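Trainee: Sequence first, then the predicted structure, then my questions.
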Amino acid sequence: MIGALDLVDAAYPLTPREGRSRTIGEMRVTVDQDKCEGHNRCYALAPELFDVDDFGQAVVIGDGTVTDDLAGKARLAVANCPEYAITLEDGDE
Amino acid sequence: MSEQTVEPDERSHAERYGPVADWTRDFDHADPAYNRNVHAVWDGLRDECPIAHTERYGGAWLPTTHDLVREVAYDTDRFSSRGVVASLARPDIPAPVGPAPPITSDPPFHQIAPRLLLPPFAPKQIEPWEDEIRILCRQRLDAMGDVEPGTTVVDAALDYAQHIPVNVISRMLGFPLGDDDLFREFVHDTLEGVNLPLDEREASFERLDTYIDAQVLDHERNPRDDLTSYLMQVEIDGNPLSLEHVRGSIVLLLIAGIDTTWSAIGSSIWHLAQHPDDRRRLAEDDDVWTFAIEELLRAYAPVTMARLVADDVDFHGCPMKADEWVLLPFPAANRDPAFFDRADEVILDRQENRHAAFGLGIHRCLGSNLARLELRVALEELIARFPDFELADPEAVTWSVGQIRGPRSLPIRLL
């Protein structure tokens, strides 16, 4: 049976641009602290990228760099934040 | 907690208005037909009248689209949280604090109050409760006794779901464990008694206050490591909380923590009893749980909040008057087809799910991490013990009345 996490990659496939190979550090997640209300959806879906502070507010781990293997989870975090607090910036753009 | 009368007429709404015939102009969220058929009611209103009105409860409005619910939730200037349970009366404790802070607080006080309560409910403080919740669930399942597959019928709402949150919150508060029935009575009176004559409602609030004051006194004499002692020790700007603030916050934790989670667990079991494929998926795919819990919360979100109109305002063409209620049906927002793909279907592995089960904006449910944990563990333990079950009699299922929606009796046959 196909597990739910297999579907993550199917739903959010990595699509490197033609002629360019993606390197680590091109994508980065940020949390808008004014918008975050502590739903903790990002922390549940992508604990490799997000942590929570003592008040349950989301914070990015490190500088928010998203490695290729975590791109699917980063997109999931964006797509499940009820407050639209998370942004995924693509370094190519 | 107290309220003041705004209407001299003390007859209940059931006597004054009778059953609802027109949901667009005369809705009543405490008409038993509302929660029983609520998805159809919302679907109809979204198409026909996305901001419904009623003269009941001194005037109330009901927006049903995701965009409108979101707009009201974010607009704390025009829509006050001073009152959050729409009833015949209005709270007599003014904004910005309100009778049960921080749920009844507006900015700027709301920036202070939740800072006190957020830490004990942050994910890393809640995660350690998992084992205890699991033990509670197993005890309730054990208490069902010898089960004969295909024959044994249990009430998943009364024998299982309702015991879990009430036990957890009384342990967190350090209240006597034997008082479960009393808590449920308080919660019932507050949330489902919105139609009670005002003197009865007031008497119920007084009983609740008296009970809490006795618990506070007990904690004063014997401080211990629990939420009640925490609230009595914590300070705002060097000052301890007033007794009213401590009591109000305990009221909030008791009232908001019990029926809500009970309802979410019950509704999820109601769904699973009718969807063997979803039961099987949960039993077989560990990875689906993270998504499935959020999807069940989306589809069966139990909590509709309320606001009070701060000043007369025209809201999308609706002439809202000061002190009218605005219901905030987050569950209706969660089923808006303009916002969610296949909104009326439960898709356990839904990948994009910005559901609003725990509210939107500054009043995000304080207990969301606890509620989510209780829901997940309750379903995990039920399915591990009884992977197959069905509704014993669909007609025998009864639903709550009022702003918290969930099954209050849910007979299931264990297969």
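Mentor: In hand now; what should we look at?
Trainee: all contacts plus neighbour counts: C-alpha atoms, from now on.
Mentor: Fine.
Trainee: OK, contacts around residue 86?
Mentor: By default, I'm working from chain A. By CA atoms under 8 Å, 6 or more residues apart in numbering or on different chains, the contact list for A:Ile86 reads A:29-32, A:77-78.
Trainee: not what I meant, chain B
Mentor: So B:Ala86 contacts B:57, B:194, B:306, B:325, B:327 (CA under 8 Å, 6+ apart).
Trainee: I'd like these as TSV, with pLDDT appended.
Mentor: Listed next are the contacts of B:Ala86 as TSV, based on pLDDT from 0 to 100:
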residue	pLDDT
B:Tyr57	92
B:Val194	77
B:Ala306	96
B:Trp325	97
B:Leu327	98
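Trainee: Okay, and which of those residues map to strands?
Mentor: If you go by DSSP state E, the contacts of B:Ala86 have B:306, B:325, B:327 in strands.
Trainee: Quick check: chain neighbours aside, which residue is closest to the last one?
Mentor: Nearest residue to B:Leu327, sequence neighbours excluded (CA to CA, 6 or more residues apart in numbering or on different chains): B:Ala306, at 4.3 Å.
Trainee: Check B:Glu55 too.
Mentor: B:Asp26 (6.6 Å).
Trainee: Phi first, then psi, for the residue of the stretch 201-350 of chain B found nearest chain A.
Mentor: Nearest to chain A in the stretch 201-350 of chain B, going by CA to the nearest CA, is B:Val288, at a distance of 4.9 Å. Here is the backbone geometry of B:Val288 (degrees, to the nearest 10): phi -80, psi -20.
Trainee: same question, B:Ile51
Mentor: Taking degrees, to the nearest 10, you get phi -130, psi 100 for the backbone angles of B:Ile51.
Trainee: For chain B, what lies in contact range of chain A?
Mentor: Within chain B, the residues that sit near chain A (CA under 8 Å from any CA of the partner chain) are B:115, B:118-119, B:121-123, B:285-288, B:290-291, B:349, B:351-356, B:358, B:360-362, B:364, B:368-369.
Trainee: 7 Å instead, please
Mentor: B:118-119, B:122-123, B:285, B:287-288, B:349, B:351-356, B:360-362, B:364 (CA under 7 Å from any CA of the partner chain).
Trainee: Residue ranges in chain A under the pLDDT threshold?
Mentor: A:1-25, A:91-93 (pLDDT under 70).
Trainee: With chain B instead?
Mentor: Using pLDDT under 70, chain B drops low at B:1-14.
Trainee: in which helix or strand would I find the most centrally placed residue in it?
Mentor: Centroid check for chain B by CA atoms, centre = their mean gives B:Thr260 as the closest residue, at 3.2 Å. Assessed by DSSP states H and E, B:Thr260 sits inside helix B:243-273.
Trainee: buried stuff in that helix?
Mentor: Neighbour-count burial for helix B:243-273, counted by 16 or more other CA atoms under 10 Å in any protein chain shown, picks out B:245-273.
Trainee: Same check on stretch B:179-190?
Mentor: Residues of stretch B:179-190 classed as buried by neighbour count (16+ other CA under 10 Å): B:180, B:183-184, B:186-190.
Trainee: Can you tell me how far B:Ala256 is from B:Val234?
Mentor: Distance, B:Ala256 to B:Val234, using CA to CA, to the nearest Å: 21 Å.
Trainee: Show me what the helix ranked longest in chain A is packed up against.
Mentor: As assigned by DSSP state H, the longest helix anywhere in chain A is helix A:71-80. When contacts are defined as 3 or more CA pairs under 7 Å, 6 or more residues apart in numbering or on different chains; DSSP states H and E, helix A:71-80 sits against helix A:41-45.
Trainee: Pull the contacting residues for B:Ala157.
Mentor: B:266, B:407-410 (CA atoms under 7 Å, 6 or more residues apart in numbering or on different chains).
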